[in-house]
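Engineer: Provided below are the primary sequence and the corresponding predicted coordinates.
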Amino acid sequence: MNDLSINTSIAYELPQPFTGRHLIDGAWVTGRETFDRVSPSHGTVVSTSSKGGPEETDAAIKAARRAFDAGIWSRISGRERAAVLLRVADLIEANVDRIALQETLESGKPISQSKGEVAGAADLWRYAAALARTSQGDSHNTLGSDMLGVVVKDPIGVVSVITPWNFPFWILSQKLPFALAAGCTVVVKPSEMTPSSTVMMGELLMQAGLPAGVCNIVLGYGDPVGSLKSTHPDVDMVTFTGSTAVGKLITKAASDTLKKVALELGGKNPQVIFPDADLENAADAVTFGVYFNVGQCCNSSSRIIVHEDIAEDFVARVVALSKKVKFGDPLDPTTQVGAIVTPEHNARIDGYVQEAVAAGARLELGGAYLDVEGLGDQFYQPTVISSVSADMAVAREEVFGPVLSVLTFRTLDDAIALTNDSEYGLSAGVWSESVHTCLEFARRAQAGTVWTNTWMDGYPELAFGGMKQSGTGREIGKYGFEEFLEVKSVVMRVGRDSRAPWVTPRAE
Ligand code: NAD
């Protein structure tokens with residue numbers, strides 16, 4: 001362990017715990033009960049939030065329903081909606097440091113990464129603002145001389161937004177500005193582990209002039225807040241990011257009222273490395289792909305599929321790079337990898353590793369908790385496991401930790417078969433200098449995103465989402481915007497002649 005790069009605790013004073021309240025119909029509401037979040041890296045309470053129950057959830061949904069039906073947001077022009085979203089983008093940029101610090105304290109992610117995510121979210125708001133002016137359908141001028149058909153798009157209505165803990169501000173910004181751009185009203189529930197940056201977002205929305213009731217926030221747990229948001233008759237759509245297990249519960253819960261459900265779920269994402277690849281570059285991208293956000297990332301490339309001729313050399317490169325990645329204190333600006341979200345989750349990660357080793361896999365690096373001087377051991381060592389077979393849990397399930405599983409292949413067909421041998425289909429990557437290999441892989445991989453000779457680059461323009469059990473629907477980009485729109489056909493008689501009667505006059 002001594003040859004790893006560890007940033008031990010640095011000297012600083014933590015801020016007072018943040019107080020989070022619900023935002024209902026434009027007013028900040030204090031709940032009767034509260035819940036605390038203990039920082040994963042520092043072990044102290046960093047926020048105290050109002051704990052929502054059925055009453056607050058119902059009030060927030062009813063406020064969103066009233067705001068939608070009144071048309072104060074849904075029926076104003078795209079230009080007016082865009083103006084508010086652009087103001088929010090500016091306010092996000094002016095508040096990066098404050099939001100990022102709280103995000104790091106609650107999630108354990110490095111402060112440099114939090115700042116990047118918060119600042120980067122502003123671009124999602126600007127892109128969504130542009131889309132607010134593009135809601136368009138089509139027209140049909142060939143239905144006959146007295147008929148005209150127009151297909152228009154309408155906002156879908158009241159949207160429940162439910163988000164996870166691993167990218168709280170970023171994922172909120174993948175959903176909220178697009179729903180608002182479409183003209184929807186919303187009720188947001190952030191994860192109970194990372195509620196504060198969503199409350200801060202609520203403050204910015206009020207400052208930007210979003211009308212009361214258009215965005216409501218209820219803090220609390222999946223049960224009852226999340227489940228009521230999935231069943232309430234006044235909700236038209238649920239957009240959820242989180243685990244596949246909860247995604248299935250929400251789909252079942254929403255089926256009684258046939259709400260639209262859009263799901264961004266888990267992944268077991270492979271990077272496939274061919275012998276003709278730029279191996280230095282590929283090894284760096286694999287190292288980034290597995291340790292980014294301590295592997296607690298839906299897009300984590302937690303398995304690699306390497307050609308057997310280069311496997312030994314490639315694993316040695318990744319192990320050497322892994323030792324240089326700076327793990328440790330999330331508040332040190334040079335730290336690249338921070339803490340694990342809860343002690344229970346850290347134990348789960350270790351369980352996956354020990355089970356794989358017991359089943360015959362080889363530990364190339366790590367495989368144990370990481371004790372960071374001054375901060376404790378809610379960290380996990382960078383871990384590389386080779387000789388992994390495709391049936392092991394570590395090769396099939398989301399470990400959600402800094403753990404890389406190495407599988408090998410002989411032919412392109414083998415590599416594609418291993419890639420697709422998964423219940424997930426979120427993302428996949430291929431490394432080769434041959435455009436033919438890259439394109440064939442991209443066309444045959446069952447994944448919502450395929451990266452060729454890169455990993456995890458994303459843009460507001462490009463749709464994101466998963467195939468198979470990684471989800472339904474798409475987020476961001478034009479396709480993400482369309483998820484929040486209904487299609488309506490307007491069929492118009494335009495001629496001077498009246499419509500041919502259906503009831504024929506009785507013969508006299
Ligand atoms: P989670 O499913 O445990 O919780 C997500 C949210 O759902 C939280 O706000 C939680 O309170 C709420 N929830 C829990 N039970 C609920 C219920 N019965 N009804 C309604 N809401 C309920 O997920 P998590 O642990 O917060 O996040 C990690 C998971 O999210 C991983 O599986 C990861 O892959 C996935 N994820 C996916 C993407 C993506 O874009 N595909 C992005 C980030 C995270």
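Structural biologist: Good, I have the coordinates. Owing to the predicted nature of the structure, the values given are computational and were not obtained by experimental measurement.
Engineer: burial count for residue 256?
Structural biologist: Burial measure for residue 256: 10 neighbouring residues, criterion other CB atoms under 10 Å. For every residue, glycine as well, the C-beta is placed using N, CA and C.
Engineer: in this structure it contacts residue 232, no?
Structural biologist: No: when contacts are counted by CB atoms under 8 Å, residue 256 is not listed as touching residue 232 (10.6 Å).
Engineer: and the residue of the stretch 51-200 of the chain that's closest to the ligand?
Structural biologist: Distances between the stretch 51-200 of the chain and the ligand by CB to the nearest ligand atom are smallest at residue 164, namely 3.1 Å.
Engineer: contacting residues for that residue?
Structural biologist: Residues in contact with residue 164, defined by CB atoms under 8 Å, 6 or more residues apart in numbering, are 171, 191, 241, 242, 243.
Engineer: tell me the buried residues within those.
Structural biologist: By neighbour count, with 16 or more other CB atoms under 10 Å, the contacts of residue 164 hold 171, 191, 241, 242 as buried.
Engineer: so what pLDDT did the residue of the stretch 51-200 of the chain closest to the ligand get?
Structural biologist: Turning to residue 164, the model gives it a pLDDT of 98.
Engineer: low-confidence stretches in the stretch 1-150 of the chain?
Structural biologist: With pLDDT under 70 as the threshold, the stretch 1-150 of the chain has low-confidence stretches at 1-2.
Engineer: thinking again about what came up before, restrict the buried ones among the contacts of residue 164 to those near the ligand?
Structural biologist: Contacts with the ligand within the buried ones among the contacts of residue 164, counted by CB under 6 Å from any ligand atom: 171, 191, 241, 242.
Engineer: can you redo the residues you listed as TSV with distance to residue 199, secondary structure and pLDDT?
Structural biologist: Formatted as TSV, those follow (distance: CB to CB, whole Å; DSSP: H, G, I helix; E, B strand; the rest coil; pLDDT from 0 to 100):
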residue	distance to residue 199	secondary structure	pLDDT
171	15	helix	98
191	12	coil	98
241	18	strand	98
242	19	coil	98
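Engineer: quick check, nearest of those to residue 34?
Structural biologist: Comparing these against residue 34 with CB to CB picks out residue 191 as the nearest, at 16.0 Å.
Engineer: right, and residue 182 touches residue 480 too?
Structural biologist: No: with contact defined as CB under 8 Å, residue 182 does not count as touching residue 480 (9.8 Å).
Engineer: what residues does the stretch 101-250 of the chain have near the ligand?
Structural biologist: 162-167, 171, 189, 191-192, 221-223, 226-227, 230, 241-243, 246, 249-250.
Engineer: show me these that map onto strands.
Structural biologist: 162, 189, 241 (DSSP state E).
Engineer: surely the first one and residue 235 touch.
Structural biologist: To tie it back to what came earlier, the one meant is residue 162. No: shown here, residue 162 and residue 235 do not form a contact pair, counting by CB under 8 Å, at 11.0 Å.
Engineer: so what sits against both of these two?
Structural biologist: With CB under 8 Å, 6+ apart, residue 162 and residue 235 have common neighbours residue 229.
Engineer: neighbour count winner among those two?
Structural biologist: Applying other CB under 10 Å to residue 162 and residue 235 shows that residue 162 carries more neighbours, namely 26 against 23.
Engineer: please name the nearest non-neighbouring residue to the more buried one.
Structural biologist: residue 240 (4.6 Å; CB to CB, 6 or more residues apart in numbering).
Engineer: next: residue 146.
Structural biologist: Using CB to CB, 6+ apart, the closest residue to residue 146 is residue 495 (2.8 Å).
Engineer: quick one, what contacts the one you found?
Structural biologist: 145, 146, 147.
Engineer: quick one: contacts for the residue positioned nearest the centre of the chain?
Structural biologist: With distances taken as CA atoms, centre = their mean, residue 171 lies nearest the centre of the chain, 4.4 Å away. Contacts for residue 171 (CB under 8 Å, 6+ apart) come out as 163, 164, 241, 264.
Engineer: just to check, the last one is in contact with residue 298?
Structural biologist: Yes: using CB under 8 Å, residue 264 and residue 298 qualify as a contacting pair, with a distance of 7.0 Å.
Engineer: what's the neighbour count on residue 249?
Structural biologist: For residue 249, the neighbour count with other CB under 10 Å is 17.
Engineer: residues of the protein that sit close to the ligand?
Structural biologist: 162-167, 171, 189, 191-192, 221-223, 226-227, 230, 241-243, 246, 249-250, 264-267, 298, 398, 426, 466, 471.
Engineer: which of those residues count as buried?
Structural biologist: 162-167, 171, 189, 191-192, 222, 226-227, 230, 241-242, 246, 249-250, 264-267, 298, 398, 426, 466, 471.
Engineer: among these, name the ones in helices.
Structural biologist: Under the assignment DSSP state H, these contribute 171, 227, 230, 246, 249, 250 to helices.
Engineer: quick one: the residue nearest to residue 162 and residue 254 touch, right?
Structural biologist: No: contact between residue 240 and residue 254 fails when scored by CB under 8 Å: they sit 9.4 Å apart.
Engineer: against the ligand, how distant is the nearest residue to residue 383 once chain neighbours are set aside?
Structural biologist: Nearest non-adjacent residue to residue 383, counting by CB to CB, 6+ apart: residue 366, 3.3 Å away. Look at residue 366 and the ligand: by CB to the nearest ligand atom, to the nearest Å, they are 21 Å apart.
Engineer: list the contacts of residue 366.
Structural biologist: With contacts defined as CB under 8 Å, 6+ apart, residue 366 is in contact with 322, 353, 380, 381, 382, 383, 384, 402, 403.
Engineer: among those, which pair sits farthest apart?
Structural biologist: Checking the contacts of residue 366 with CB to CB, the most distant pair is 322 and 353, at 14.3 Å.
Engineer: quick check: longest helix of the chain.
Structural biologist: From DSSP H, the single longest helix across the chain is helix 111-131.
Engineer: give the other helices and strands that that helix contacts.
Structural biologist: With contacts taken as 3 or more CB pairs under 8 Å, 6 or more residues apart in numbering; DSSP states H and E, helix 111-131 sits against helix 78-94, helix 96-107, helix 168-182, helix 477-482.
Engineer: tell me the most buried of these?
Structural biologist: A comparison of those by mean neighbour count, using mean count of other CB atoms under 10 Å, puts helix 168-182 on top with a mean of 26.
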